[in-house]
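Student: Mind looking at a prediction? Sequence and model below.
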Amino acid sequence: MITVFGSTNLDQVGTVTRLPKPGETVAGGTFSMAPGGKGANQALAARRAGAEVRHVSAVGDDAFADMALELLKNGGVDLSHMRKAEAATGIAMIFVDAEGENVIAILPGANGTVSAEDAEKGLTHLTPRDTLLLQQEVPQAATRRALEIAREKGARSVLNTAPFLPDTAKLASLADIVVANETEFSLLTGRPIEQLDAAMQDWVNQTGRTIVVTLGADGARARTPDGALSVPAHRVKPVDTVGAGDTFCGYLAAALDAGHNLETAMRRAAVAGSLACLNPGAQPAIPMKGDVDGVIGH
């Protein structure tokens, strides 16, 4: 089983012809709202990949909460450890341009109340057969405690380094597998992306952990204590890239939890992440397992 410990948001999305520069106003097109939050997105992705998934998080006692949880409920994600907080449901404000690129501002709300105590209460069920998937949209003290509990209970832990925070580098070494995009990995190591392969190897040598770096249209690479891996992306013309990274993480965790090796898991995750770019929004765009199987061929 996969437990996702992290954020739940309601995404408010506006389309624009191009992303505004600081101080600039750009005329927009459509507006929509959809469930989001990196934790919730990854939980739904893992569920659509076929895994049994529990989401440990917090929402507000407001009208946005039901909207934020709608697709998780409909998808069969276990929400028994979802806490109602005395704060507004988290909001993500997103602008998407004509090329599918985006900028995002997060207003944490209830996510900011997630604590180490929530980790203690919500992760008691973890066993060595389970996978814990985390991001960094809740307070780092809670994420750190969740990683420590996974280690204590022998569960596999997968940490997505988004959004990158000042203490991410210290936290990352607590996870069994770290997933970062190329920008986050440069921040993690202090090395330019031109030194990617060497920096990945040095990081593994220093930590003894596994690092996976997503490279957009160039697929993904990994370094483990046993060697290097690389998988291609599935070529698509993107409509909206906002959910690609979370889809990758959810599908990666689901494949590993199902017993696949890292290379197979990365291949499935890369295809799923590409397919997520074909539709607008984060959760609404996450592909089903059958869609990914159709591309891979099984």
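Tutor: Nice, thanks for sending it over.

Student: Show me where the stretch 51-200 of the chain has its strands.
Tutor: Secondary structure of the stretch 51-200 of the chain (DSSP state E, counting those that start in this stretch): strands at 53-60, 82-85, 90-96, 102-107, 131-134, 156-160, 177-181.

Student: Could you tell me the least trusted of those?
Tutor: Lowest mean pLDDT within the strands of the stretch 51-200 of the chain: strand 102-107, a mean of 85.

Student: that older thread, so which of the strands of the stretch 51-200 of the chain is the most surrounded?
Tutor: Highest mean neighbour count of those: strand 131-134, a mean of 29 (counted as mean count of other CB atoms under 10 Å). Backbone N, C-alpha and C define where each C-beta goes, glycine included.

Student: Burial check on the nearest residue to residue 180 once chain neighbours are set aside, number of neighbours?
Tutor: Distances taken as CB to CB, 6 or more residues apart in numbering place residue 161 nearest to residue 180, at 4.3 Å, with adjacent residues excluded. Using other CB atoms under 10 Å, residue 161 is surrounded by 25 other residues.

Student: got any ranges where the stretch 151-298 of the chain has weak pLDDT?
Tutor: 298 (pLDDT under 70).

Student: quick one, helices of it?
Tutor: 168-172, 182-189, 196-207, 244-257, 262-275, 289-296 (DSSP state H, counting those that start in this stretch).

Student: again, but for the stretch 1-150 of the chain
Tutor: 38-48, 63-75, 116-122, 140-153.

Student: Need the CA coordinates for the last one. PDB is fine.
Tutor: The C-alpha atoms that make up helix 140-153 are tabulated as PDB, following Å, rounded to 0.1, in the frame of the first residue of the first chain:
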ATOM      1  CA  GLN A 140       9.200  20.500   7.100                       C
ATOM      2  CA  ALA A 141       9.000  19.300  10.700                       C
ATOM      3  CA  ALA A 142       6.100  17.100   9.800                       C
ATOM      4  CA  THR A 143       7.800  15.800   6.600                       C
ATOM      5  CA  ARG A 144      10.900  15.100   8.600                       C
ATOM      6  CA  ARG A 145       9.000  13.100  11.200                       C
ATOM      7  CA  ALA A 146       7.200  11.200   8.500                       C
ATOM      8  CA  LEU A 147      10.500  10.200   7.000                       C
ATOM      9  CA  GLU A 148      11.800   9.100  10.400                       C
ATOM     10  CA  ILE A 149       8.700   7.000  11.000                       C
ATOM     11  CA  ALA A 150       9.100   5.300   7.600                       C
ATOM     12  CA  ARG A 151      12.700   4.500   8.500                       C
ATOM     13  CA  GLU A 152      11.700   3.200  11.900                       C
ATOM     14  CA  LYS A 153       9.000   0.900  10.400                       C
END
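
Student: Report the beta-bridge partner residues of residue 229.
Tutor: residue 222 (DSSP bridges).

Student: count of neighbours near it?
Tutor: So residue 229, with other CB under 10 Å, has 18 neighbours.

Student: who's in contact with it?
Tutor: 221, 222, 223, 262, 263, 266 (CB atoms under 8 Å, 6 or more residues apart in numbering).

Student: Distance of it relative to residue 221?
Tutor: Distance from residue 229 to residue 221, counting by CB to CB, to the nearest Å: 7 Å.

Student: which residues touch residue 110?
Tutor: Counted by CB under 8 Å, 6+ apart, residue 110 has contacts 8, 58, 59, 60, 83, 84, 85, 87, 88, 89, 90.

Student: In TSV, list those residues along with distance to residue 180.
Tutor: TSV is the format used below for the contacts of residue 110 (distance: CB to CB, whole Å):
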residue	distance to residue 180
8	22
58	25
59	27
60	30
83	28
84	32
85	29
87	29
88	30
89	27
90	22
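
Student: among these, which two are most distant?
Tutor: The distance between the two most remote of the contacts of residue 110 (CB to CB) is 14.1 Å, for 83 and 88.

Student: Could you point out which residue ranges in the stretch 1-150 of the chain have low pLDDT?
Tutor: In the stretch 1-150 of the chain, no residues with pLDDT under 70.
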